[in-house]
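S.K.: Fold the following and give me the result.
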Amino acid sequence: MNKTLSIYCFAFLSLQSAIAFAQLPLSANEYYEEGLKRLTSKDFAGALQAFTSAIDTDPQSTKGYYQRSLVKTNLGDLQGAIADLDQAIELNPQDVNAFLYRGINRTKTDNYRGAMQDFNRAFELDPTNPLVYYNRGLCRLKANFYNSALADLNKADGLLPNDNAILTTRGECKSQINDFKGAIADFTQVLSKTPDKVQALASRGYAYYRDNNNKGALVDFDRSIKLDPLNAELYYRRGLVKARVNNFESAQADFDKTLSIDPTHYRALFSRGYCRGRTEGKREGLADLDKSIAIGSTTVKSKPYYSDFLIQTVMPLLSYVVRDRYRISELTEDRSEAFVLRGLYKNSLGDAKGALTDLNQAIDLNPISGESYFIRSIIKSSIGDQKGAIVDCNSAVKLTPTHAEAFYLRGVIRYDSGDTQTGCADLSHAGELGYSQAYTLISSKCNRATVQRR
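M.R.: A predicted model of the protein is given here:
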């Protein structure tokens, strides 16, 4: 009995000692080591608590601030991570990694100027670190400094060859400067090691598309979709390829799928509107174009003269533009293309006023598009505003000196207004630029005008 009691007493005292030990405050280093263990096991909440305790115990713990910033980054608290890195840098201005990761987080929060300062400082401290070159290149890429970004990424690749992240980012950079073959080579190198990497497949497919390799683009997008069937962007980009080869119904199905996954994908609405206009009718296409403009909409803002000759000449030109010339393209951020296409649809449905409103908007959004001025000039001419049409043709050929149709239309209007010499010169130039229909008018009108002048 006494022996049993002594055993219980010993056990009780041992338990009390264990509790007392557990309640003893740990050192800053012990909290730090605990934080590392929890971070390694992805217990971010526990790691955050441990590193915070390490900092509370030792406010000069540079490594505590640095590691806690990594935890906060994993938890999505980028501003909190930056604040911890600020403190780590204040305590140790020679900490390369603190500058590097603060630059990475600043890039993620679109503070490119601050990020560049951090990467430049990290470079000063360690000029042979490939991660510094890579992340500075990524920052420059996001800030649209493509040439300097490419220089950094080339340097990173030289220091760390065949790295997937570097090759993928460099491929994206090359695509931005229209070096599609170079981009394809980088993505292919990534895929040779990781054939199921969706980002590389999709990016290569898009580079193929931009390089007019429709077959290669479709193969890559088909495989990408099999690997990631809920990615709206993949269906959208495959639809672009199909629309380019006039497979409008299949393209429309891809745009339908895009919108079923992401109903706010206004570029898919624009492209589907184009396809519907080719298969169902302009009125049906208009509904999608309206939505593509409305979603997250960008804030915007003489006496008629007709003749039988103008009507017979301009209307076929307008039909040609609607049917053949205006091919589908990707919708840019300003959405000017949506206004152009909607204007064409409205005009074909008899709403010339609404069409001009849309073309005005397209030009306000993108005032350097020669094509938009040209299309507006056709519409103006078709409603009798020949003076306005001439002004727009002037803008079109100034912005696009090889715009044969703009020279053709300007020649027609000038000829019809009595300025036969300059009109015929414009028609001749249109023919030189490849618009063969100009020679029909030249032979029937200009040669005769020349004979009459003699």
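
S.K.: okay, CA-based contacts and neighbour counts for the rest of this
M.R.: Noted.

S.K.: which residues in the stretch 301-450 of the chain form helices?
M.R.: Counting by DSSP state H, counting those that start in this stretch, the stretch 301-450 of the chain has these helices, from start to end: 308-320, 336-348, 352-365, 370-382, 386-399, 404-416, 420-432, 438-441, 447-453.

S.K.: Between helix 386-399 and the fourth one, find me the angle.
M.R.: The directions of helix 370-382 and helix 386-399 differ by 160 degrees, with axes from the mean of the first three to the mean of the last three CA atoms, to 10 degrees as the criterion.

S.K.: and helix 370-382, what other elements does it pack with?
M.R.: helix 308-320, helix 336-348, helix 352-365, helix 386-399 (3 or more CA pairs under 8 Å, 6 or more residues apart in numbering; DSSP states H and E).

S.K.: from those, which stretch is densest packed?
M.R.: Mean neighbour count (mean count of other CA atoms under 10 Å) peaks for helix 336-348 among the helices and strands packed on helix 370-382, with a mean of 26.

S.K.: got a markdown table for the helices of the stretch 301-450 of the chain, with distance to Leu259 too?
M.R.: Shown next, in a markdown table, are those (distance: least, CA to CA, whole Å):
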| stretch | distance to Leu259 |
| --- | --- |
| helix 308-320 | 30 |
| helix 336-348 | 17 |
| helix 352-365 | 24 |
| helix 370-382 | 27 |
| helix 386-399 | 35 |
| helix 404-416 | 36 |
| helix 420-432 | 41 |
| helix 438-441 | 43 |
| helix 447-453 | 55 |
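
S.K.: Turn those into a markdown table, including mean pLDDT and distance to Phe180.
M.R.: Shown next, in a markdown table, are the helices of the stretch 301-450 of the chain (pLDDT from 0 to 100; distance: least, CA to CA, whole Å):
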| stretch | mean pLDDT | distance to Phe180 |
| --- | --- | --- |
| helix 308-320 | 73 | 31 |
| helix 336-348 | 86 | 23 |
| helix 352-365 | 92 | 28 |
| helix 370-382 | 91 | 25 |
| helix 386-399 | 94 | 25 |
| helix 404-416 | 92 | 28 |
| helix 420-432 | 88 | 31 |
| helix 438-441 | 84 | 35 |
| helix 447-453 | 44 | 47 |
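
S.K.: coming back round to it: compare the helices and strands packed on helix 370-382 and give me the one nearest Phe99.
M.R.: helix 352-365 (39.4 Å; CA to CA).

S.K.: Can you check what angle separates that closest one from helix 336-348?
M.R.: Using the same axes, to 10 degrees: helix 352-365 against helix 336-348 is 170 degrees.

S.K.: if I look at Val412, how far off is Asn74?
M.R.: 65 Å (CA to CA, to the nearest Å).

S.K.: Those two: which is more packed in?
M.R.: More neighbours surround Val412 than the other of Val412 and Asn74, with 24 against 14 (other CA atoms under 10 Å).

S.K.: Nearest to Leu289 among the helices and strands packed on helix 370-382 would be which one?
M.R.: For those, the distance to Leu289 is smallest for helix 336-348, at 6.1 Å, taking CA to CA.

S.K.: helices or strands up against the closest one?
M.R.: Secondary-structure packing of helix 336-348 (3+ CA pairs under 8 Å, 6+ apart): helix 266-279, helix 282-294, helix 352-365, helix 370-382.
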